[in-house]
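Student: Any chance you can model this:
(6 chains)
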There are 4 protein chains.
Amino acid sequence: MRALSPDQSARRPVGRPREARADRAILSATLELMAEHGVKALRVGEVAARAGVGKATIYRRYRSKDDLVADAFGALVDEQIEVPDSGSTRDDLLTLALETTELYTGTLGAKLLPSLIDEMSRREGLASARDRFMTERRKGLRVVFERGIARGDLRHDLDLEFALDVLAGPLFYRLLVTNGPIDEALASATVELILRGFAPESPRRSQHTKKRHNSK
Amino acid sequence: MRALSPDQSARRPVGRPREARADRAILSATLELMAEHGVKALRVGEVAARAGVGKATIYRRYRSKDDLVADAFGALVDEQIEVPDSGSTRDDLLTLALETTELYTGTLGAKLLPSLIDEMSRREGLASARDRFMTERRKGLRVVFERGIARGDLRHDLDLEFALDVLAGPLFYRLLVTNGPIDEALASATVELILRGFAPESPRRSQHTKKRHNSK
Amino acid sequence: MRALSPDQSARRPVGRPREARADRAILSATLELMAEHGVKALRVGEVAARAGVGKATIYRRYRSKDDLVADAFGALVDEQIEVPDSGSTRDDLLTLALETTELYTGTLGAKLLPSLIDEMSRREGLASARDRFMTERRKGLRVVFERGIARGDLRHDLDLEFALDVLAGPLFYRLLVTNGPIDEALASATVELILRGFAPESPRRSQHTKKRHNSK
Amino acid sequence: MRALSPDQSARRPVGRPREARADRAILSATLELMAEHGVKALRVGEVAARAGVGKATIYRRYRSKDDLVADAFGALVDEQIEVPDSGSTRDDLLTLALETTELYTGTLGAKLLPSLIDEMSRREGLASARDRFMTERRKGLRVVFERGIARGDLRHDLDLEFALDVLAGPLFYRLLVTNGPIDEALASATVELILRGFAPESPRRSQHTKKRHNSK
DNA sequence: TAATAACCGAGACGGTACGTCTCGTCTTAGG
DNA sequence: CCTAAGACGAGACGTACCGTCTCGGTTATTA
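Tutor: Residues are numbered from 1 along each chain as shown, chains lettered A, B, ... in the order given. Predicted coordinates:
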């Protein structure tokens, strides 16, 4: 009799299903309000009002305001990067650097990043989300460096983790600490540093890279 | 916040003067409690109790809890650095890198930094305090790089601002973003990168001898 | 304060309705604590705790602590009197006088009356509540005097308002001003005064009153 | 040498003597502010400011705010009554009744009386001040009644305490409780009541002649 | 078709921290 | 030793927000 897909764990629950509309409205309202007033001044009641939703509807989805904020940050970060492969190590690295530059020159990202970082330092859930995200992203970036090594543009004993930190470090340092300019000059200087600093010991030249380059 | 008497003629105000003891007790209690429970769980009432002070005594000094937190952060940052001058550019840079490493492996700094950064991104007062601090600190660091240029260890068209960001960037990136290890390996890798990446175009003559110096 | 729904069609408000249980608990706790510590030492936080209620729940109902106190006084006064009709004017008056005596020898009434009076002198709302209460009560008492007039025990041009003030005046004067004894002697002396002082000019004797009486 | 009245125990204290000016300024300011805002809204700081005095100067004279209020009330009450002796019991009583009427139709007295009474009900010090005042005042009033008895206008077994309460009771009842009119009609009605209600049993002989007097 | 169950918006609930206010004391410099 | 000014410790006030609960009502699946 009543065998309803015992293998499929789907288990359709009884009762009225949750409204997908509310899910989206809550996240949108949260992101808007975070951008407007900052994370600290975010009020759950305001989110509910802006989303046209009862507070209980939020708390049915998120255990706490911090969880809501965490999920909203997660939604921000969900975009995927595309690994460039132009044949030129310099161009590939520059593409990555400029992409990041643009991402954090945009209003929302730059505005919320400090709060995101603060939140991560305190919340287990966010930190592990960060780890998943980082692992994924760096897996992509790593390919670019590996191609550079294969081409002979970068030394083959390159510390990949460190190289990735050098690619993003100065940018984030300016963004978060010194308030220095985040621009193309920064991106190209970073790339140039990497190419020189991590160049192979012996000066054998690149196989696939375009030869001439007069930096800037 | 603290500059009250612009010059010595400052008119002595009537009435009982503020107790310097209370100023210190409030800041100490604030820093202690921030380290213990985090910035978010800081309670003004607890600060008052720990400092042996009435709440009004705190609010006579600070307009709000946020102001109190900001000033406490300011107190954290007031320490001065010493510029090393060993004769070796590599050694000097390594000293600086290791100093920073140690500073942010310590409990308090690392624990509070994300909150400090978040706070700075929102509060004008803290940001300008940050600028003063940064300007001062970088003025010292710059000397090390200039000596390196003079020695011929670093290219003479070096972008000093960028070089400073490279020195600290990877460390802060790991600290704030990737949660990567902050250790001597990081410090020495960073220094090595700088020496190679910013090496003069022409094969360098000497390393430790102070030769010609066409600074800038 | 309490009149919300002007007629039966009253629009049912949305949201969770107020809890009648809380209304009662707040008033009870207020009266208890006023009796225990006096009106001046009444703490809103204590009321909330005793009532098992949050402070906001009190402030949702009352604009301020004074409003709460006013309403609590109002609740004290809501009791109804029963007009005696024994056939004897003297007995009826004595009954009334003794009732009042007892009411204000009891702890709560006597303890809170001075504060109530003080509060009334300052607060519009309480004063009008007092007026409603007084009008109602005196309407009842008036009947007793009117029966006395009809029986010929009291002069028919009796100033009823004044007579009522004489019935209660000495008692309240002792209670509030002189701290004199509030007892049966006072009650019977008052009644005797009224019977003699307001007796008809011509000595025609009562029709319905019991004849002989040797007071005490 | 320096012998300054060694016998007079006066004990001239060393140091600067207290300023009598301050005493008066404090009391004046207190009475003004009590009349303006009510006793409850009286702030010690406001009194000090209005009196042009430091708070400590107030607290050197009064142990607490309640003490200050008590003393201010005392200052209100310090006036002495003059016992009338016209030869007519009715006229004397009427004089007393009208005097009281006028006293409490004035703004300040009427305005502060409820607060005074409330304060008395709670504070030992004020209550005993009240007792002293009452004893003194009633000693004077009593004479009028005794003369009435002597003249044969009042019964000689008159309960003097009760008679005094009747004289003032209705007035205070209206003043404090019913908010009824305080006027000459009330005064004369009260006097008439007393004369009839406390008339001698046997038909009175004379009215104004001083006959026998068995004063107690 | 009716019953059941979980959903929905609205808003009251208990609790807790905030920032303000007042009390009565204490600490200045000065009379 | 007094004075005016005003900071001090203590603690209550009234507000704001969190996360839960309670309404009347809606939208699905189950019987």
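Student: For the lowest-mean-pLDDT helix or strand in chain A, list every residue counted as buried.
Tutor: Lowest mean confidence among the helices and strands of chain A (mean pLDDT, DSSP states H and E): helix A:107-122, at a mean of 82. Of all the residues in helix A:107-122, those buried under the rule 16 or more other Cβ atoms under 10 Å in any protein chain shown are A:111, A:112, A:113, A:114, A:115, A:116, A:117, A:118, A:119, A:120, A:121, A:122. Glycine gets a C-beta too; all of them are placed from N, C-alpha and C.
Student: now check the helix or strand following it, is it near chain B?
Tutor: Of the helices and strands lying after helix A:107-122 in sequence (DSSP states H and E), the nearest is helix A:124-151. Yes - counting by Cβ under 8 Å from any Cβ of the partner chain, chain B is contacted by helix A:124-151 at A:127, A:130, A:131, A:134.
Student: Taking their axis directions, helix A:124-151 and helix A:107-122 sit at what angle?
Tutor: For helix A:124-151 against helix A:107-122, the angle by axes from the mean of the first three to the mean of the last three Cα atoms, to 10 degrees is 110 degrees.
Student: Check the offset of the least confident helix or strand of chain A from the chain's centre.
Tutor: 11 Å (Cα atoms, centre = their mean, to the nearest Å).
Student: Check stretch A:89-105 too.
Tutor: From the chain centre to the centre of stretch A:89-105 is a distance of 13 Å (Cα atoms, centre = their mean).
Student: Then stretch A:41-50?
Tutor: 26 Å.
Student: Kindly report the same for stretch A:70-87.
Tutor: 5 Å.
Student: same check, this time on stretch A:140-151
Tutor: That offset, for stretch A:140-151, works out to 20 Å (Cα atoms, centre = their mean).
Student: Quick check: the residue of chain A nearest DNA strand E.
Tutor: For chain A, the residue closest to DNA strand E is residue A:15, as judged by Cβ to the nearest atom of the strand, at 2.0 Å.
Student: Can you give me the distance of that residue to residue A:24?
Tutor: Here residue A:15 is placed at a distance of 21 Å from residue A:24 (Cβ to Cβ, to the nearest Å).
Student: So between those two, which is more surrounded?
Tutor: residue A:24 (12 against 5; other Cβ atoms under 10 Å in any protein chain shown).
Student: What is the burial count for the residue in chain A that chain C sits nearest to?
Tutor: Across chain A, no residue is closer to chain C than residue A:54, which sits at 9.5 Å (Cβ to the nearest Cβ). For residue A:54, the neighbour count with other Cβ under 10 Å is 13.
Student: show me the contacts for it.
Tutor: Residues near residue A:54 by Cβ atoms under 8 Å, 6 or more residues apart in numbering or on different chains: residue A:48.
Student: per-residue confidence for it?
Tutor: Listed pLDDT for residue A:54 reads 96.
Student: how close does it sit to residue B:34?
Tutor: 35 Å.
Student: Quick check, central residue of chain A?
Tutor: residue A:77 (4.8 Å; Cα atoms, centre = their mean).
Student: what about stretch A:62-78 and chain B, any contact?
Tutor: No - judged by Cβ under 8 Å from any Cβ, stretch A:62-78 stays clear of chain B, getting no closer than 9.2 Å.
Student: does any bit of the least confident helix or strand of chain A sit next to chain B?
Tutor: Yes - on the criterion Cβ under 8 Å from any Cβ, helix A:107-122 is in touch with chain B at A:111, A:114, A:115, A:117, A:118, A:120, A:121, A:122.
Student: helices or strands up against that helix?
Tutor: Identification of packing neighbours for helix A:107-122 by 3 or more Cβ pairs under 8 Å, 6 or more residues apart in numbering or on different chains; DSSP states H and E yields helix A:20-37, helix A:65-77, helix A:89-105, helix A:124-151, helix B:107-122.
Student: go again using 6 Å as the cut-off
Tutor: helix A:20-37, helix A:124-151, helix B:107-122 (3 or more Cβ pairs under 6 Å, 6 or more residues apart in numbering or on different chains; DSSP states H and E).
Student: and residue A:163, how many neighbours?
Tutor: 24.
Student: Could you say which helix or strand holds it?
Tutor: Residue A:163 is part of helix A:160-173 when elements are defined by DSSP H and E.
Student: Pull out the buried positions in that helix.
Tutor: Quick answer for helix A:160-173 (16+ other Cβ under 10 Å): A:161-173.
Student: For the helix or strand following that helix, give the mean pLDDT please.
Tutor: Counting by DSSP H and E, the next helix or strand C-terminal to helix A:160-173 is helix A:184-197. Per-residue pLDDT values over helix A:184-197 give a mean of 97.
Student: what's the answer for stretch A:90-102, then?
Tutor: Across stretch A:90-102, pLDDT averages out at 93.
Student: before we move on, what about stretch A:127-135?
Tutor: Averaged across stretch A:127-135, pLDDT comes to 79.
Student: In it, which residues are buried?
Tutor: A:129, A:130.
Student: contact partners of that stretch?
Tutor: A:74, A:77, A:120, B:178 (Cβ atoms under 6 Å, 6 or more residues apart in numbering or on different chains).
Student: Report the distance from it to the chain centre.
Tutor: Chain-centre distance of stretch A:127-135: 9 Å, with Cα atoms, centre = their mean.
Student: Next: stretch A:63-73.
Tutor: Distance, centroid of stretch A:63-73 to centroid of chain: 17 Å (Cα atoms, centre = their mean).
Student: try stretch A:131-140
Tutor: 9 Å.
Student: and if you look at stretch A:28-39?
Tutor: 18 Å.
Student: Need the contact partners of it.
Tutor: For stretch A:28-39, contacts defined as Cβ under 6 Å, 6+ apart pick out A:42, A:46, A:47, A:50, A:51, A:68, A:72, A:108, A:111, A:112, A:115, B:122.
Student: That stretch near DNA strand F anywhere?
Tutor: No - Stretch A:28-39 is not in contact with DNA strand F by Cβ under 7 Å from any atom of the strand; minimum separation 9.8 Å.
Student: Flag every buried residue along that stretch.
Tutor: Neighbour-count burial for stretch A:28-39 [16+ other Cβ under 10 Å]: A:29, A:30, A:31, A:32, A:33, A:34, A:38, A:39.
Student: Pull the number of nearby residues for residue A:17.
Tutor: Other residues lying near residue A:17 total 8 when counted by other Cβ under 10 Å.
Student: pLDDT at it, what is it?
Tutor: 90.
Student: for it, phi and psi?
Tutor: phi -70, psi 160 (degrees, to the nearest 10).
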